[in-house]
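> I would like the atomic coordinates for the input below:
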Amino acid sequence: MSVEHVKNLCETTRAKLSEAIAKMEQFLNGSSLTKLNTENDSAMEEFYKGYLSDTRHLLVFSEVAYEKLGVALRRPNFNVEYSEKVLYEVYHSSVNSFFYPKNECYSEDGRYAYTGQDAIRFRKKPVREVRDLTIELSKIFETLREDLSYYETDYITQKRMQGEKV
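Residues are numbered from 1 along each chain as shown. Next up is the predicted model:
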């Protein structure tokens, strides 16, 4: 990929991560298990524990990627190889963490992706705040997934052909 293309991709990815980070921080700073689980239902408590845990992990992955992209963009000589490695990490840590959360509180149903409906399906019915955050994040991470799809396969193939271990 050209230097300008990679640099632009780093800038747009960093901006999208910044938006996602702000939304997650606002939610996590204002939420607690007792606030979310108003019904004192043990099954819902487990659901929210998993959801909060996954959101905290996603926030950390996103913040680390955001910082690495900042380093890549601040360097006096833009390093394409380092930047592509960071973009690969964004795809495989942040994007995959969103779409494949460890606690599986929600999942993406691809059948809804082309109907204009939300493709996110929850294992249990969450409060509106959780649903809204997840849908907002899905739009950000869907865009990132589309933008960074090259780094899912082509980047790895290129590195392996060069004899590098990824």
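
> from here on, contacts and neighbour counts on C-alpha atoms
Fine.

> How about the contacts made by the residue nearest to Tyr51 when sequence neighbours are not counted?
Nearest residue to Tyr51 in three dimensions, chain neighbours excluded: Cys105, at 6.0 Å (CA to CA, 6 or more residues apart in numbering). The contact partners of Cys105, taken as CA atoms under 8 Å, 6 or more residues apart in numbering, are Phe47, Gly50, Tyr51, Phe122, Arg123, Lys124.

> Likewise for Leu58?
Taking CA under 8 Å, 6+ apart, we find Leu58 in contact with Ser94, Ser97, Phe98.

> so can I have JSON lines of those residues showing distance to Arg75 and pLDDT?
JSON lines is the format used below for the contacts of Leu58 (distance: CA to CA, whole Å; pLDDT from 0 to 100):
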{"residue": "Ser94", "distance to Arg75": "23", "pLDDT": "95"}
{"residue": "Ser97", "distance to Arg75": "28", "pLDDT": "95"}
{"residue": "Phe98", "distance to Arg75": "29", "pLDDT": "96"}
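
> Just among these, which is most surrounded?
Of all the contacts of Leu58, the highest neighbour tally under other CA atoms under 10 Å goes to Ser94, namely 24 neighbours.

> before we move on, back to that, show me the contacts of Cys105 that map onto strands.
Using DSSP state E, Phe122 are the members of the contacts of Cys105 that sit in strands.

> Any of the contacts of Cys105 buried? List them.
Phe47, Gly50, Tyr51 (16 or more other CA atoms under 10 Å).

> Skip the chain neighbours and tell me the closest residue to the second one.
Taking CA to CA, 6+ apart as the measure, Gly50 lies nearest to Asn103, with 5.2 Å between them; neighbours along the chain are not counted.
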